[in-house]
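Asker: From the sequence below, what's the structure:
(one chain, ligands or ions: 1)
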Amino acid sequence: MLMVHFTPPPVLTTARLRLEPLGPEHVEGTWIGLQNPESMRLTGTHGQFRRPQIESWLAGLAATDGRADWAIILTSDGSHIGEVVLNDYDADNSSLGFRIALNADSRFGHGYGTEATRAVVGHAFDVIGVHRISLEVYAFNPRAQRAYEKCGFRVEGRLRDALRWNGEWIDAVVMGMLATDPRS
Ligand SMILES: CC(C)(COP(=O)(O)OP(=O)(O)OC[C@H]1O[C@@H](n2cnc3c(N)ncnc32)[C@H](O)[C@@H]1OP(=O)(O)O)[C@@H](O)C(=O)NCCC(=O)NCCS
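Answerer: Numbers count the residues shown, from 1 in each chain. Okay, here's the model as predicted:
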């Protein structure tokens, strides 16, 4: 097992994106995402946030170990289009959790999510050196499930009625990927 240092995460670059450590300078894009009803629904995020809460959360990230948060930046124009996170580090079991959200509907479906996920999965396995990455995706989010499958995640199970959204029960699909799995 490699030494694990999460904070600050390194800048990761892909063909169209720069993933940079999420911090106070990303408050505007983060705020936009938290106002987006579709992102909130698809991530099952209940409740509303106030801007000072966001500012204080972003300011605290640099001192929070055991997770790595990146802002997703579109290289072509520098816009902040979302965030991607490795969290829930479990040293005993060499595992991490994963989450991602683009902050506007207009950003969905252009391959950005897949591109960012591939980069972060590569970082988790090749640099941090974990054995496993886990995530959950709600059953009403086939686009996210497909993006994860393209990166090498496999469906491992289902949590029935894990989310109550507008009075409806929604299952969560459990997905996971091991360092030894094909990356696609
Ligand atoms: C989930 C998310 C990160 C995916 O990123 P993205 O850039 O939109 O997705 P991509 O364009 O990389 O890939 C989407 C894939 O799903 C497919 N897809 C889209 N809608 C689909 C549907 N209804 N059913 C099945 N597949 C679908 C696309 O065709 C594409 O696959 P392909 O390349 O094989 O054609 C992004 O949509 C997002 O942030 N959504 C809002 C928040 C969210 O859902 N976060 C994840 C919570 S688990």
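Asker: Next, whatever residue of the chain ends up closest to the ligand: secondary structure please.
Answerer: Per CB to the nearest ligand atom, residue 113 is where the chain lies closest to the ligand, at 1.8 Å. (Each C-beta comes from the backbone N, C-alpha and C, glycine too.) Secondary structure state of residue 113, per DSSP: H, G, I helix; E, B strand; the rest coil, is helix.
Asker: My guess is it contacts residue 147. True?
Answerer: Yes. Judged on CB atoms under 8 Å, residue 113 makes contact with residue 147 at a distance of 4.7 Å.
Asker: Could you list the low-pLDDT ranges of the protein?
Answerer: For the chain, the stretches with pLDDT under 70 are 1-5.
Asker: ok, 50 please
Answerer: For the chain, applying pLDDT under 50 flags the ranges 1-3.
Asker: What parts of it come near the ligand?
Answerer: Selection of the chain residues close to the ligand by CB under 6 Å from any ligand atom yields 39, 42-43, 82, 100-102, 108-114, 137, 141-144, 146-147, 150.
Asker: Pull out the buried members of those.
Answerer: Buried by 16 or more other CB atoms under 10 Å: 39, 42-43, 82, 100-102, 108, 112-114, 137, 141, 144, 147, out of the residues of the chain next to the ligand.
Asker: How many neighbouring residues does residue 23 have?
Answerer: Neighbour count for residue 23, taken as other CB atoms under 10 Å: 16.
Asker: for it, what are its contacts?
Answerer: With contact set as CB atoms under 8 Å, 6 or more residues apart in numbering, residue 23 has these partners: 58-59, 61-62, 71.
Asker: Can I get these in CSV including neighbour count?
Answerer: Converted to CSV, the contacts of residue 23 look like this (neighbours: other CB atoms under 10 Å):
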residue, neighbour count
58, 19
59, 12
61, 19
62, 14
71, 21
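Asker: For those, work out which two are farthest apart.
Answerer: Largest separation among these by CB to CB: 59 and 71, giving 14.0 Å.
Asker: Could you tell me which of the buried ones among the residues of the chain next to the ligand belong to strands?
Answerer: When DSSP state E is applied, those are split such that 82, 100-102, 137 fall in strands.
Asker: Specify which member of the residues you listed is nearest to residue 126.
Answerer: Using CB to CB, residue 100 is the member of these that sits closest to residue 126, with 18.5 Å.
Asker: and that closest one, bridged to which residues?
Answerer: Residues in a beta bridge with residue 100, per DSSP bridges, are residue 84.
Asker: OK, contacts around it?
Answerer: Applying CB under 8 Å, 6+ apart, we find residue 100 in contact with 82-85, 113, 116-117, 120, 144.
Asker: where exactly do the strands run in this protein?
Answerer: Counting by DSSP E, the strands of the chain are 12-13, 17-21, 68-74, 80-90, 95-102, 132-138, 154-165, 168-178.
Asker: JSON lines please, covering these and showing distance to residue 124.
Answerer: JSON lines is the format used below for these (distance: least, CB to CB, whole Å):
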{"stretch": "strand 12-13", "distance to residue 124": "11"}
{"stretch": "strand 17-21", "distance to residue 124": "12"}
{"stretch": "strand 68-74", "distance to residue 124": "8"}
{"stretch": "strand 80-90", "distance to residue 124": "6"}
{"stretch": "strand 95-102", "distance to residue 124": "6"}
{"stretch": "strand 132-138", "distance to residue 124": "6"}
{"stretch": "strand 154-165", "distance to residue 124": "16"}
{"stretch": "strand 168-178", "distance to residue 124": "9"}
